[in-house]
Every structure is written in structure tokens, then in C-alpha cells.
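A.B. asks: Sequence plus predicted model, see below.
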Amino acid sequence: KAGVTQTPRYLIKTRGQQVTLSCSPISGHRSVSWYQQTPGQGLQFLFEYFSETQRNKGNFPGRFSGRQFSNSRSEMNVSTLELGDSALYLCASSLMEGRGTEAFFGQGTRLTVV
Amino acid sequence: KNEVEQSPQNLTAQEGEFITINCSYSVGISALHWLQQHPGGGIVSLFMLSSGKKKHGRLIATINIQEKHSSLHITASHPRDSAVYICAVLSSGSARQLTFGSGTQLTVLP
């Protein structure tokens, strides 16, 4: 069964632009979470979606947003990009919402803001 | 103080050695994950634990809920085990989000 697919794998954007990243979960998984990884801050939780609804949000500014479609695919958007947004963005899918369900990670999208 | 502390930060071992990576956390949790990240970024979930011990091949993970501590052991280490190992906890509160340790960079020399 196919794993979690993130596209694109690499992206270079200019400060001030906006970017949309995509995550296709494992077939049948309904929960998608997004994480940001930077050398300075490590891995940090961005948000979680389940059944097209945002269930939880981390401590990030409103420039970071996301959505989930009826097929469970999710997108995250970052507007007005800043240099500090350069990071590896990872998504993870789980079968269900709720604690105790294992998360499966994608390969990530490496975003560079110049 | 971070909610999740890992030690050591860096670990170099010779092939064949037994390796232990430790994780301590300060919050109540419903589950703890051990993750492996290779260069290039992709993360693989190795274990999800809520109690006791799990074993998969040469990897063993244990958790002590009372002491808020978990360990990841690698027996007969191999250069292909070289990676960053990350501990992450899922809090037992209403918020479902993973909080991550800073990771342990493991290098296994042939």
C-alpha cells in the first residue's frame, strides 16, 4: 500500500510570496498532521485535520493555514513568506483521530525562502 | 526546560556495539513514539508505546510510565543504523499533538 506522499519535494520561493504544499495520506487514513522542522527549533507541530476539520493547531502565526479535502488529502499554505520559514515540512497520516493511533510520515517538502 | 529531553545528543559507536538512547518527559502522556530520520529528511516511525516493551528485529523500546522515561536499544549495531533518532510524546490532554525531543544523531562506524 502506498505511503504518505508529499509534493513537491523541494521548493524555492522568494520572501513575500506564498506557497502551497500538498500531502496525500495513506489510503483509508482520515487524520493528517503537519510539522515544521528547522535546525534551530527542531520538529514542531503545526496543525491536525480530521474529516475536513482542523482539530488542533500549534503555536504558529496566522500566515500558516491548511485545509483537508473530502478524500483526506491535505494542503498547507504559508503566505507572505519570511526567511525563517525555510524548513522541512512534514506531514503524517493516521487511521483515525484520537490518541494512540500510529502516525506514518511522508518524505517532507524542503522549502527554501530566499 | 523542554517537555521532552533526549540523551545523548550525539553518539558514535563501532559496528556491533549495543546502543541505548534515552528519553525523559515531564508531561502526562497517552503514547510515546520513537522515530528514525535519515539524511534527506524522511521520517520512519519505529515504535509507538504506551507501556512495557516492544521489540522489532534488532530494535527494542521500553517505557516506564511512573518514571516518565523511555529507552531505545539497538543490538548488534550496523552502519546502516546511522540516523537521527527522535522521541516524541502524545500528551494525555485533549490536544492531540506530538511534542518532539531534539533528537540523537547516531553514527555507527564500520
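C.D. replies: Thanks, I have it. Numbering: from 1, shown residues only, chains lettered A, B, ... in the order given.

A.B. asks: From the centroid of chain A, which residue is nearest?
C.D. replies: A:W34 (3.2 Å; CA atoms, centre = their mean).

A.B. asks: neighbours of B:S51, just the number please.
C.D. replies: Neighbour count for B:S51, taken as other CB atoms under 10 Å in any protein chain shown: 11. Placement of C-beta: from N, CA and C, glycine included.

A.B. asks: residue contacts, the nearest residue to the residue nearest to the centre of chain A once chain neighbours are set aside?
C.D. replies: Counting by CB to CB, 6 or more residues apart in numbering or on different chains, A:W34 lies nearest to A:L46, which is 4.0 Å off, once chain neighbours are set aside. Counting by CB atoms under 8 Å, 6 or more residues apart in numbering or on different chains, A:L46 touches A:33-36, A:57-58, A:60, A:64, A:66, A:76, A:89.

A.B. asks: make it 7 Å
C.D. replies: A:L46 makes contact with A:34-36, A:58, A:60, A:64, A:76 under the criterion CB atoms under 7 Å, 6 or more residues apart in numbering or on different chains.

A.B. asks: The residue nearest to A:Q68 when sequence neighbours are not counted pairs with what?
C.D. replies: Distance criterion CB to CB, 6+ apart; nearest residue to A:Q68, sequence neighbours excluded, is A:Y49 at 3.7 Å. On the basis of DSSP bridges, A:Y49 is bridged to A:V32, A:Q54.

A.B. asks: residues touching A:Y49, list them.
C.D. replies: Per CB under 7 Å, 6+ apart, neighbours of A:Y49: A:32, A:55, A:66, A:68, A:74.

A.B. asks: For the residue nearest to the centre of chain A, what is the enclosing helix or strand?
C.D. replies: strand A:31-38 (DSSP states H and E).

A.B. asks: got the CA positions of that strand in CSV?
C.D. replies: The C-alpha trace of strand A:31-38 is given here as CSV (Å, rounded to 0.1, in the frame of the first residue of the first chain):
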residue,chain,number,x,y,z
SER,A,31,-6.2,12.2,10.0
VAL,A,32,-3.4,14.4,8.7
SER,A,33,-1.0,16.4,10.8
TRP,A,34,1.6,18.9,9.7
TYR,A,35,5.0,19.6,11.3
GLN,A,36,7.8,22.1,10.7
GLN,A,37,11.4,21.1,11.2
THR,A,38,14.2,23.7,11.4
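
A.B. asks: quick one on the thing from earlier: generate a PyMOL selection restricted to the buried entries among the contacts of A:L46.
C.D. replies: Buried members of those, identified by 16 or more other CB atoms under 10 Å in any protein chain shown, are gathered into one PyMOL selection as follows:
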select buried, chain A and resi 34+35+36+58+60+64+76
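
A.B. asks: So which of the contacts of A:L46 is the closest to chain B?
C.D. replies: Among these, A:G58 lies closest to chain B (CB to the nearest CB), at 6.5 Å.

A.B. asks: Just list whatever residues bridge to the nearest residue to that closest one once chain neighbours are set aside.
C.D. replies: Of all residues not flanking A:G58 in the chain, A:F45 sits nearest, at 4.0 Å (CB to CB, 6+ apart). Taking DSSP bridges as the rule, A:F45 bridges to A:Y35.

A.B. asks: Paired strands for the helix or strand of chain B with the lowest mean pLDDT, with orientation please.
C.D. replies: In chain B, no helix or strand scores lower on mean pLDDT, DSSP states H and E than strand B:98-100, which sits at a mean of 88. Applying DSSP bridges, strand B:98-100 is found paired with strand B:83-91 (antiparallel).
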